[in-house]
Each structure stands twice: as structure tokens, then as C-alpha cells.
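Visitor: Predicted coordinates and the sequence they were generated for:
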Amino acid sequence: MKPYRHILVAVEADEEARRLLARAIELAQQFGAELTVLHVVEPMPLNINGDLGVMPMDLSNESIEQARRWLSPICAAAALEPARLRIELGSITHTILGTAKDLGVDLILIGHHRQRGLAALFSHTDQGVVSKARCDVLAVALTAPAATA
């Protein structure tokens, strides 16, 4: 098996980003690989008045800036160059896969939240990335498994 040369870690702007980024850094160091951190903001138009004639307000730019404010210090604390952080606007699965292709990554790391009940019936980003990626994908468990009886 060839060693990984470029790893893409897709993170959310939340506390789990620290754990996922730590795992990605560990793997990048083990393989001597380049590491890129990606956060995807889905477009969020908002129509405050609910009127059909009013153009919706787009909150995407504010979401991008909030993500940058949250993730930049985390990346800096991990000694990653600012250019290693990419914040993109788009569909999450499509953007992760497109970025991986554009950068020529050979491993994508994504967080996986175990789902129970009705939530387990719906499609999730991690499933979309795993099934459509042209490279290896590592889904890192971010929630503890449910206790078995």
C-alpha cells in the first residue's frame, strides 16, 4: 500500500473539530503527508418577511466569517499555516468531493455521528462521501456507540 501524500479533513465549526483535526494531524505526521482542512458552509437564504416579492437575505457570508473565527485559532494552535484552512460555500458532500479531486488528495477524513431512530433513515454527508469518493475515506467516530444490552 502506498503512503498517503495529501489528506483532506472536513470539519464542522464545533468542538468536534479539535478531535478530528488532532486525528488528521496524527495521520499526516505518520505518513509525512500534506494536510488541508476544509469547512463547507451551505448557502442559507432567509426570507424574513415570508413575502414572495422580497429577495431573501443571504446569511452565507456571515456563516463563513463565523467559521473562520472559530477554526483559524484551532488550526493555528495545531501549527497549521493559514493557507491550510479552506472555507467553501456549497453543498457539503459535493464540495468535499470536488475539493478532494481538485487538490488530488488520496485520503479524506470526515467525522461520523452515529444516528439512532428516525435520523438513521436519512442520508448523511459521511455516507455520500464514502460512496462517491475516488480516494480512501476514513470516517472517525465522533459519538460513543450505544451500550448493548
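Guide: Looks like it came in fine.
Visitor: for the longest strand along the chain, packing partners?
Guide: In the chain, with assignment by DSSP state E, the single longest strand is strand 34-41. Counting contacts by 3 or more C-beta pairs under 8 Å, 6 or more residues apart in numbering; DSSP states H and E, strand 34-41 is packed against strand 6-10, helix 16-31, helix 60-77, strand 85-89, helix 92-103. In short, each C-beta sits where N, CA and C put it, glycine included.
Visitor: Pull the distance from the last one to the chain's centre.
Guide: So the one you mean is helix 92-103. 10 Å (C-alpha atoms, centre = their mean, to the nearest Å).
Visitor: now that helix: mean pLDDT?
Guide: Mean pLDDT, computed over helix 92-103, is 95.
Visitor: coming back round to it: tell me which of the helices and strands packed on strand 34-41 sits most buried.
Guide: Most buried of these, by mean neighbour count (mean count of other C-beta atoms under 10 Å): strand 6-10, with a mean of 25.
Visitor: and the angle for that one with helix 92-103?
Guide: Interaxial angle of strand 6-10 relative to helix 92-103 (axes from the mean of the first three to the mean of the last three C-alpha atoms, to 10 degrees): 160 degrees.
Visitor: ok, and what's touching strand 6-10?
Guide: Under the contact criterion C-beta atoms under 8 Å, 6 or more residues apart in numbering, strand 6-10 has outside partners 20-21, 23-24, 27-28, 31, 33-40, 92, 96, 99-100, 103-111, 129.
Visitor: quick revisit: give me the buried stretch members for the longest strand of the chain, please.
Guide: 35-41 (16 or more other C-beta atoms under 10 Å).
Visitor: Strand partners (parallel or antiparallel) of that strand?
Guide: strand 6-10 (parallel), strand 85-89 (parallel) (DSSP bridges).
Visitor: Phi first, then psi, for the nearest residue to Ser91 once chain neighbours are set aside.
Guide: Closest residue in space to Ser91, ignoring its immediate chain neighbours: Glu42 at 6.6 Å, by C-beta to C-beta, 6 or more residues apart in numbering. When read as degrees, to the nearest 10, the backbone of Glu42 gives phi -80, psi 140.
Visitor: No further queries at this time; thank you.
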